[in-house]
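> got a predicted structure plus its sequence, pasted below:
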Amino acid sequence: TDLLWKTPVITKAQWLCLGYISFTVGVKGTTVLLAYTNEWLQPLSIWPVAIAMWAIGTFLFLLPPTRGAPVYALTGIIVTAGATDEGWDIGPAIGLALAAGTGIKFGFAAIAQKLIG
């Protein structure tokens, strides 16, 4: 009866399920690591924070399971909070966060078009 459960179809189904679970856990892990990024970048000034968020966001978009909403939301939270902590008004702080989020998307699109195809 053990031979009955070792067919190629069953083996491929098991690998498919393992891949699905890995992607699901990977997405949850990405959200947790992005939340930790807020704590890690807090002592820095605003420009290194904006550049770091651009680099992290662009890298994450190159990974297939990454969803955009957590990356954009955390970019808005971290960059806006960093700018207001340095005395910026809320309008320019939100504008910088929007510019960083747009830069993430454009950076990813440029890399994907030129390097991936």
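Sure thing, it's come through. Residues are numbered from 1 along each chain as shown.

> show me how far the lengthiest helix in the chain is from its chain's centre.
Longest helix in the chain, counting residues (DSSP state H): helix 8-41. Here the centre of helix 8-41 is set off from its chain's centre by 13 Å, with Cα atoms, centre = their mean, to the nearest Å.

> same question, stretch 72-82
Centre-to-centre, stretch 72-82 and its host chain are 13 Å apart (Cα atoms, centre = their mean).

> that one: which residues count as buried?
For stretch 72-82, the neighbour count (16 or more other Cβ atoms under 10 Å) marks 72, 74, 75, 76, 78, 79, 80, 81, 82 as buried. Backbone N, C-alpha and C define where each C-beta goes, glycine included.

> low-confidence stretches in the protein?
Confidence mapping of the chain against pLDDT under 70 gives the ranges 1-5.

> apply 80 and report the result again.
Within the chain, the ranges that satisfy pLDDT under 80 run 1-7, 23-35, 38, 64-67, 117.
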